[in-house]
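S.K.: dropping the sequence and predicted coords here.
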Amino acid sequence: MACFLVPTTEAIVTTVVEKVVKTRESKDAVTHNENSESVCPKVKLSEKIGWLNKMLWGGSALLAFEHIWHGEVIPVFPFLTAVQNGETADMLAEMGTAGVGMAVLVTLIWAGMVAASNVIEKRDDKSTKKEEA
Amino acid sequence: MTLLVTVFAAIICTLLWYMKAPDRSLQLGTLCLMFWGASIMWLVDAVVEYSEIGAEFFMQDSADMLNDLYLGLSVVALGLIIWLVILLIKDPKGIVRSALIKNN
């Protein structure tokens, strides 16, 4: 019905967060340019948030296409056939189950990716320090 | 069927990304994440539908399966078009930019 709207909303929020983090990182890079030389290059937080953005925006766009295909999204107001047919309560219930489930699962998988990336970075850091010692 | 087609597209893209790494000029990572995001979302959709109708979920008639296959292929085509547009706009190798400058 309109489950893709939940991950789309999350994508809007995470896009804003990514922009804010990117701005802070560029400011930090200017102030700490010479002082903060890490042992090995790390993936920036903004780039990690970018992974989540790409999954959410890409998934939502393709899911929106599926809804157009099935006639659940229409090009005229109110844009959703469920609202037009008076099935708003059903639509909201579906958004609460499938939509929230989608957003949560994508976010959990992204959190796993970030955790794995952090572990790999720490291992790299340790092995480089050992080699240097 | 749509879920299966998207998952296969995601797997193929991930293999291509792995083979091309660390070269990021083709922006294959974006395509991978897009297909994986859609696959996860359709997986949740499938689980919710399965919890509602049970084993009937796997017993689709051939017309529905064909329609789903057609939808899955269209979804992959749309994903590839979005990726191509992103690639041409970001233009990491500067090919579009240099072609435009030459023409001017």
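M.R.: Cool, got the structure. Numbering: from 1, shown residues only, chains lettered A, B, ... in the order given.
S.K.: remind me which residues of chain B are low pLDDT?
M.R.: For chain B, the stretches flagged by pLDDT under 70 are B:104.
S.K.: B:Glu56 belongs to a strand?
M.R.: No. Secondary structure of B:Glu56 (DSSP: H, G, I helix; E, B strand; the rest coil): helix, not part of a strand.
S.K.: from chain A, how far off is it?
M.R.: Per C-beta to the nearest C-beta, to the nearest Å, B:Glu56 is found 18 Å from chain A. Glycine gets a C-beta too; all of them are placed from N, C-alpha and C.
S.K.: which residues touch the residue nearest to the spatial centre of chain B?
M.R.: In chain B, the residue lying closest to the centroid (C-alpha atoms, centre = their mean) is B:Phe35, at 3.7 Å. Counting by C-beta atoms under 8 Å, 6 or more residues apart in numbering or on different chains, B:Phe35 touches A:Gly58, B:Thr6, B:Ala9, B:Ala10, B:Cys13, B:Val76, B:Gly79.
S.K.: spell out which residues of chain A are next to chain B.
M.R.: For chain A, the residues in contact with chain B (C-beta under 8 Å from any C-beta of the partner chain) are A:3-4, A:7, A:51, A:54-63, A:65-66, A:69, A:97-98, A:101-102, A:105-106, A:109.
S.K.: run the last query once more with 6 Å
M.R.: Contacts of chain A with chain B, taken as C-beta under 6 Å from any C-beta of the partner chain, map to A:51, A:54-55, A:58-59, A:62-63, A:65, A:69, A:97-98, A:101-102, A:105-106.
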